[in-house]
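> Mind looking at a prediction? Sequence and model below.
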Amino acid sequence: MIIFQNVSKLYKNNSHEIAALEDVSFTINPKEFISLVGRSGAGKSTIVKMLIGEEKPTKGRVIFASYDINKLKHKELPHLRRKIGVIFQDFRLLPNKTAYENVAFALEAAGRLQSDIEEFVPQALEMVGLKEKMFNFPKELSGGEKQRVAIARAMINHPDAIIADEPTGNLDPINTWEIIKLLLKINELGTTIILATHNKDIVNYLDRRVISLENGKIIRDEEKGKYILV
Amino acid sequence: MLTTLFRIIKYGFLGFWRNGWLSAATLSIVVIALLVFEGLIIFNILTKNAIASLENKIDISVYFKADTPEDEILQAKKSLETLAEVKSVDYISRDKALEIFKERHKDNPMITQSLEELQENPLLASLNIKAYNPKEYATIADNLEKTNFKAWFEKVTYAQNAVVIERLGKIVDTAKKGGLILIIFLAAVAVLVNFNTIRLAIYSNREEIGIMRLVGASNSFIRGPYIVEGIIYGLVAGILSVVIALPAVYFTSPYLKIFIPEINLWSYFLSNLFVFLGYQLLFGIGLGIISSSIAIRKYLRI
């Protein structure tokens, strides 16, 4: 369960302050699939960053399961991040590690046993359809393949939630749909998915809950929502 | 715990190996920095020896009149030896002086012949005085002026050589000070070059470090492999720098012998090879660990 309680984020720019988020409140229930929509600069990325503790709110509280995220110490952040998988527009794979090692790294970082790693990593890569390219380096993979490695890495720790920040932003339509289908499949298996996107077709196809943001405020929060932005 | 340590070491080696060119470039710079450091150790040994050899050449001699009884000379020697500034006093009797003179000019028949014709030993007995510090010759000379034995003195070389002795003393002094400044300066250069090179290598990995934080790696798990890499740099560079120095020392050693006959750098280097290697490894690995830990701190804040 994720709760945003009257969250504001202000950035100081020279003398005047700019609000990235203004008094945002919402709750996401377990196993939900929600889309965060809005134009660039609407505040989607700020919400994502707050969920993984990369940014702290100026006002309000962000809660994830038992974690009061803005009160976490720097040392405690890794524990939170092992419970939330993150997928980025620019993939963010470790360039000097193979697909296998990239996925294994998340387990190693969590201190899991070698036997677990040898069992789970090939399974995860098989699920995203990359078993054949397990030992390739990111530079030998296409954009879609890289994003699938990132998805395998995000789900390998069996997180409670996966946050996808514009995961299809750098992909062609075919790969885009592949990625969305994968996210839906992961959601069916019981993981909360938060998808930040400005792809109208995807949002309308999903027909799930949509939170629309504009200028740092929530302007709409609908079950089975559509992408409606002027 | 042990698994984590094993993973950290594995990733340290993997990082070193897979970063190929970057590792090679970093390594070569670290080798150069270590060579500078090694050069400093050798330079230090050389200047110490050169200064010692120079200091050894400075002395003052007191020549006694031909009719001075040997007893008086030995008395004078004893009283000189009690002075705090005096390192050693050598007594050269008239016979000994002649012997040395003959030996030195044995290839010159003119001198040998004329010496034989002289019948009598023309040379004087002398005391050869060496001080601990070249600056103290003036004090010793002053002392000689006041002593009771002064009546027996034919001449004291200090007066003639005062300017040279003083100048040599100054050269020795400057060499010591200059050497120290040079050592501090070059050591600082070696440390900074080493530190900044490792920092640059980590800087080029800053995005990866951020990614590792985002997928839930703890700081120590991220930092570990970079410190292992730092150790590898120090270890490999330490060994390489000694290996590179070997032929360099071998070829320069004979030339150095011309300037400072007292030292055989090559044999010194060989007999102290493991001491050199130890210093290099200590310096290289120590700097590697410190540089890596400091450099990575900045990128672990995400």
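Received the coordinates, thanks.
> Packing partners of the helix or strand where B:E103 lies?
Assessed by DSSP states H and E, B:E103 sits inside helix B:94-104. Contacts defined by 3 or more CB pairs under 8 Å, 6 or more residues apart in numbering or on different chains; DSSP states H and E place helix B:94-104 against helix B:109-118. The C-beta positions use only the backbone N, C-alpha and C, and glycine is treated the same way.
> residues from chain A in reach of chain B?
Residues of chain A that fall close to chain B, judged by CB under 8 Å from any CB of the partner chain: A:52, A:54, A:74-75, A:77-82, A:86, A:92-97, A:105-106, A:108-111, A:113-114, A:153, A:157.
> Sitting in helices, which of the residues you listed do you find?
By the criterion of DSSP state H, membership of the residues of chain A next to chain B in helices covers A:L77, A:P78, A:H79, A:L80, A:R81, A:F105, A:A106, A:E108, A:A109, A:Q114, A:R153.
> Compare the residues you listed and tell me which has the most neighbours.
The residue in these with the most neighbours, by other CB atoms under 10 Å in any protein chain shown, is A:R153 (29 neighbours).
> Can you give the distance from stretch A:213-230 to the centre of its chain?
With CA atoms, centre = their mean, to the nearest Å as the basis, stretch A:213-230 stands 19 Å off its chain's centre.
> same check, this time on stretch A:184-202
Taking mean C-alpha positions (CA atoms, centre = their mean), stretch A:184-202 and its chain are 9 Å apart.
> do stretch B:96-112 as well
37 Å.
> With just CA atoms, put that stretch into CSV.
Only the C-alpha atoms of stretch B:96-112 are listed here, as CSV (Å, rounded to 0.1, in the frame of the first residue of the first chain):
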residue,chain,number,x,y,z
LYS,B,96,104.1,7.8,6.9
ALA,B,97,103.8,11.1,5.0
LEU,B,98,106.8,10.2,2.9
GLU,B,99,105.4,6.7,2.2
ILE,B,100,102.1,8.2,1.0
PHE,B,101,104.0,10.8,-1.1
LYS,B,102,106.1,8.1,-2.7
GLU,B,103,103.2,5.9,-3.4
ARG,B,104,101.3,8.8,-5.0
HIS,B,105,104.2,9.8,-7.3
LYS,B,106,105.6,6.4,-8.0
ASP,B,107,104.9,6.8,-11.7
ASN,B,108,106.9,10.1,-11.8
PRO,B,109,110.6,9.2,-11.9
MET,B,110,111.6,12.9,-11.7
ILE,B,111,110.1,13.3,-8.2
THR,B,112,111.2,9.9,-7.0
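> what does that stretch contact?
B:I92, B:L115, B:N121, B:L123, B:L124, B:A125, B:S126 (CB atoms under 8 Å, 6 or more residues apart in numbering or on different chains).
> Next, the buried residues of stretch B:256-273.
Of all the residues in stretch B:256-273, those buried under the rule 16 or more other CB atoms under 10 Å in any protein chain shown are B:L256, B:I260, B:I263, B:L265, B:W266, B:Y268, B:F269.
> again but with stretch B:5-23, I slipped
Here stretch B:5-23 shows B:R7, B:I8, B:Y11, B:G12, B:L14, B:G15, B:F16, B:N19, B:L22, B:S23 as buried, counting by 16+ other CB under 10 Å.
> Do any residues in that stretch lie close to chain A?
Yes: Stretch B:5-23 lies within reach of chain A by CB under 8 Å from any CB, at B:R7, B:L14, B:G15, B:R18, B:N19.
> same thing with stretch B:230-248?
No: for stretch B:230-248, no contact with chain A is found by CB under 8 Å from any CB; the gap never falls below 15.1 Å.
> which parts of that stretch are buried?
B:230-234, B:236-242, B:245.
> Report the mean confidence score over that stretch.
For stretch B:230-248, mean pLDDT is 91.
> before we move on, what about stretch B:128-139?
For stretch B:128-139, mean pLDDT rounds to 82.
> ok, now how distant is the most centrally placed residue in chain A from B:Y63?
Central residue of chain A (CA atoms, centre = their mean): A:I163, 1.7 Å from the mean position. Going from A:I163 to B:Y63 by CB to CB, to the nearest Å gives 98 Å.
> now do A:S142
In terms of CB to CB, A:S142 sits 96 Å off from B:Y63.
> Comparing the two, which shows the higher neighbour count?
Set side by side, A:S142 and B:Y63 show more neighbours around B:Y63, with 19 against 12, by other CB under 10 Å.
> could you say what helices and strands the lengthiest helix in chain A packs with?
Identified as the longest helix of chain A according to DSSP H is helix A:173-188. In this structure, helix A:173-188 makes packing contacts with strand A:33-37, helix A:143-155, strand A:161-165, strand A:192-197, helix A:200-206, judged by 3+ CB pairs under 8 Å, 6+ apart.
> would TSV of those with mean pLDDT be doable?
Formatted as TSV, the helices and strands packed on helix A:173-188 follow (pLDDT from 0 to 100):
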stretch	mean pLDDT
strand A:33-37	93
helix A:143-155	93
strand A:161-165	93
strand A:192-197	94
helix A:200-206	90
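> among the ones you listed, which is nearest B:I289?
Nearest to B:I289, of all the helices and strands packed on helix A:173-188, is helix A:143-155, at 30.1 Å by CB to CB.
> for that closest one, the distance to its chain's centre please.
On CA atoms, centre = their mean, the centre of helix A:143-155 falls 12 Å from that of its chain.
> then that helix to PDB, C-alphas only?
What follows is helix A:143-155, C-alpha atoms only, in PDB (Å, rounded to 0.1, in the frame of the first residue of the first chain):
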ATOM      1  CA  GLY A 143      16.400  -1.000 -26.800                       C
ATOM      2  CA  GLY A 144      13.500  -3.400 -26.300                       C
ATOM      3  CA  GLU A 145      15.800  -6.200 -25.100                       C
ATOM      4  CA  LYS A 146      17.500  -3.800 -22.600                       C
ATOM      5  CA  GLN A 147      14.100  -2.800 -21.200                       C
ATOM      6  CA  ARG A 148      13.200  -6.400 -20.800                       C
ATOM      7  CA  VAL A 149      16.400  -7.000 -18.800                       C
ATOM      8  CA  ALA A 150      15.500  -4.000 -16.700                       C
ATOM      9  CA  ILE A 151      12.100  -5.600 -16.100                       C
ATOM     10  CA  ALA A 152      13.600  -8.900 -15.100                       C
ATOM     11  CA  ARG A 153      15.900  -7.000 -12.700                       C
ATOM     12  CA  ALA A 154      13.000  -5.000 -11.200                       C
ATOM     13  CA  MET A 155      10.900  -8.200 -10.500                       C
END
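> relative to strand A:161-165, how tilted is it?
Put simply, helix A:143-155 runs at 150 degrees to strand A:161-165, going by axes from the mean of the first three to the mean of the last three CA atoms, to 10 degrees.
> Pull the residues that contact helix A:143-155.
Contacts for helix A:143-155 (CB under 8 Å, 6+ apart): A:85-88, A:91-93, A:99, A:102-103, A:105-106, A:121, A:124-125, A:127-130, A:133, A:138, A:141, A:162, A:164, A:167-168, A:170-172, A:174-175, A:178-179, A:182-183, A:186, A:191, B:215.
> Whichever of those residues end up buried, select them in PyMOL.
A single PyMOL command selects the buried members of the contacts of helix A:143-155 (16+ other CB under 10 Å):
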select buried, (chain A and resi 85+86+87+88+91+92+93+99+102+103+105+106+121+124+125+127+128+130+133+138+141+162+164+167+168+170+171+175+178+179+182+183+186+191) or (chain B and resi 215)
